[in-house]
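> Okay, sequence plus prediction incoming.
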Amino acid sequence: MTRFVPDQDPFLPPSGPRLLNVRRLWAEPDALASPRGRQVRARFPDAEIVTVASHWNIDQLHGNAGNVDRWIRVKTEDLVLGVKKSLTARPNGRSADWIAPSTSNGCAMACAYCYVPRRKGYANPITVFTNIDKIVGYLERHVRRQGPKTVPNQCDPHAWVYDLGENSDCSVDALVSDNVADLITAFRAWPTAKASFATKYVNRDLLDLDPRERTRIRFSLMPEADSRLLDLRSTPIRQRIAAIDDFVAAGYEVHVNFSPVVVRPGWEEDWAELLEQLSDGTGGAFKAQAAAEIIMLTHNEQLHEVNLGWHPKSEDLLWQPPIQQAKRSQSGMWNVRYRNDVKAAGVRALTDLIAERTPWLTVRYAF
Ligand code: SF4
């Protein structure tokens with residue numbers, strides 16, 4: 001099996017073992033006893049087992065905003081095993097037709113703008129849902145009920161697209177269990193559907209999974225300078241670009257996810273350079289099937305407060321009241337996004353740059 005091999009690059013991401021050095025498995029008893037739970041247990045045999053009634057609201061792990069030393073340690077040293085209770089595919093219509101029921105939530109990486117912690121609090125280590133057979137069975141029935149896709153849309157011209165990674169990064173999840181491998185295998189057999197996930201981590205183990213074009217990986221990209229400040233613990237941008245052709249050759253559909261686009265002095269020059277990097281670093285097979293989505297930064301007042309406590313430099317980029325406006329979300333949080341005029345100008349500037357520097361790159365949607 002091919003593994004990511006660290007070199008001397010100073011911006012190396014932590015490799016699997018350093019990104020995760022699991023010392024405690026917080027487990028619902030049913031989850032631990034299941035075949036998937038036993039698999040995770042076998043991958044981390046030295047971890048202490050802590051039995052919990054529910055994967056939600058574990059006091060020692062969740063909601064502990066502000067204490068960053070512990071926050072990163074929790075992401076590295078703790079895993080949670082739970083059973084996903086409610087299985088639903090939610091309509092989306094932007095990047096995917098449907099958001100598939102999660103097979104995990106939480107993340108070992110620590111992007112400063114990440115909205116995933118909104119559910120469990122800011123440490124949010126990975127929770128693996130062990131009832132993967134039920135989740136795959138639910139998806140199979142859902143795909144069958146849709147029948148063929150007869151009207152092309154921005155998600156895909158032919159297939160119903162299911163996003164697998166709304167609450168996690170699937171490339172890192174695949175270090176922990178075979179949930180992602182099982183999903184990729186399942187989608188292989190469903191010709192009317194396609195799996196999709198965005199990722200900031202290059203996990204070369206995924207190259208062995210033979211997806212047969214039924215899984216779309218969207219590598220998230222932003223200028224290297226922004227990424228170094230904001231995408232903590234992720235794979236450096238140029239290594240993500242360097243992996244693209246390998247994933248195409250392995251049978252993945254590979255798109256790019258320009259997200260989040262951060263408006264700051266000089267941002268257009270840096271995005272132009274990123275587009276050049278992408279063009280120079282990838283071959284014809286990628287370019288022939290490539291598409292991009294553009295997502296302008298959305299931030300959050302609570303997350304802003306937390307970030308000020310541990311990574312204030314990130315807030316120099318993320319928190320810019322003169323060009324942002326607030327909007328209360330459905331969950332009652334104050335989200336912050338660029339003013340309409342700033343956002344429209346940003347989208348226009350980036351799509352113009354794409355037309356000029358990477359004319360082969362279709363923009364699937366901009367938001
Ligand atoms: S990789 Fe995705 S899920 Fe993980 S911290 Fe970054 S934005 Fe959040």
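Great, that's in hand. Numbers count the residues shown, from 1 in each chain.
> can you give me the mean pLDDT across stretch 137-157?
For stretch 137-157, mean pLDDT is 97.
> following the longest strand belonging to the chain, which helix or strand shows up next?
With secondary structure taken from DSSP state E, the chain has its longest strand at strand 253-261. Counting by DSSP states H and E, the next helix or strand C-terminal to strand 253-261 is helix 267-281.
> by how many degrees do that following helix and strand 253-261 diverge?
160 degrees (axes from the mean of the first three to the mean of the last three CA atoms, to 10 degrees).
> What helices and strands are in contact with helix 267-281?
Counting contacts by 3 or more CB pairs under 8 Å, 6 or more residues apart in numbering; DSSP states H and E, helix 267-281 is packed against helix 224-230, helix 237-249, strand 253-261, helix 340-357. C-beta coordinates here come from the backbone N, C-alpha and C atoms, glycine included.
> JSON lines for those, including mean pLDDT?
Output for these, formatted as JSON lines (pLDDT from 0 to 100):
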{"stretch": "helix 224-230", "mean pLDDT": "96"}
{"stretch": "helix 237-249", "mean pLDDT": "98"}
{"stretch": "strand 253-261", "mean pLDDT": "98"}
{"stretch": "helix 340-357", "mean pLDDT": "98"}
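> Which of those sits closest to T282?
The closest of those to T282 is helix 237-249. By CB to CB, the value is 5.0 Å.
> Give me the residues contacting the closest one.
9, 13, 200, 202, 204, 206-207, 217, 219-224, 227, 235, 254, 274, 277-278, 281-283, 285-286, 289 (CB atoms under 8 Å, 6 or more residues apart in numbering).
> Sketch out the low-pLDDT regions of the stretch 1-150 of the chain for me.
1-17, 64-69 (pLDDT under 70).
> Which residues of the stretch 151-300 of the chain lie near the ligand?
S168, D169, K200, S234 (CB under 6 Å from any ligand atom).
> List the buried residues for stretch 329-347?
Neighbour-count burial for stretch 329-347 flags N335, V336, R337, Y338, V342, K343, G346, V347 (criterion: 16 or more other CB atoms under 10 Å).
> ok, of those, which one's closest to the ligand?
Lowest distance from the ligand to the buried residues of stretch 329-347 (CB to the nearest ligand atom) belongs to N335, with 15.3 Å.
> in what helix or strand does that closest one lie?
strand 334-338.
> Which other helices and strands does that strand contact?
Counting by 3+ CB pairs under 8 Å, 6+ apart, strand 334-338 packs on strand 298-300, helix 301-310, strand 324-328.
> what's the most buried one of the ones you listed?
strand 298-300 (a mean of 22; mean count of other CB atoms under 10 Å).
> who's in contact with that one?
By CB under 8 Å, 6+ apart, strand 298-300 touches Y113, Y115, R118, P260, L318, W319, Q324, M333, W334, N335, V336, R337.
> and if we set it to 10 Å?
By CB atoms under 10 Å, 6 or more residues apart in numbering, the surrounding residues in contact with strand 298-300 are 112-115, 117-118, 259-260, 262, 306-307, 315, 317-320, 324, 326-327, 329, 333-338, 343, 367.
> and it, which strands flank it?
Applying DSSP bridges to the sheet, strand 298-300 is found paired with strand 334-338 (antiparallel).
> could you give the mean pLDDT of the partner strand?
91.
> same deal with stretch 262-276?
Averaged over stretch 262-276, pLDDT sits at 97.
> ok, now stretch 202-214?
Per-region confidence: stretch 202-214 scores 97 on mean pLDDT.
> list the buried ones in that stretch?
Within stretch 202-214, the residues scored as buried using 16+ other CB under 10 Å are V202, N203, R204, D205, L206, L207, L209, P211, R214.
> okay, the residues you listed in TSV with distance to A195 next?
Formatted as TSV, those follow (distance: CB to CB, whole Å):
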residue	distance to A195
V202	18
N203	15
R204	18
D205	16
L206	12
L207	16
L209	11
P211	8
R214	7
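> now those residues in a markdown table, with secondary structure and distance to V80?
Shown next, in a markdown table, are the buried residues of stretch 202-214 (DSSP: H, G, I helix; E, B strand; the rest coil; distance: CB to CB, whole Å):
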| residue | secondary structure | distance to V80 |
| --- | --- | --- |
| V202 | coil | 25 |
| N203 | coil | 20 |
| R204 | helix | 26 |
| D205 | helix | 22 |
| L206 | helix | 23 |
| L207 | helix | 28 |
| L209 | coil | 25 |
| P211 | coil | 27 |
| R214 | coil | 29 |
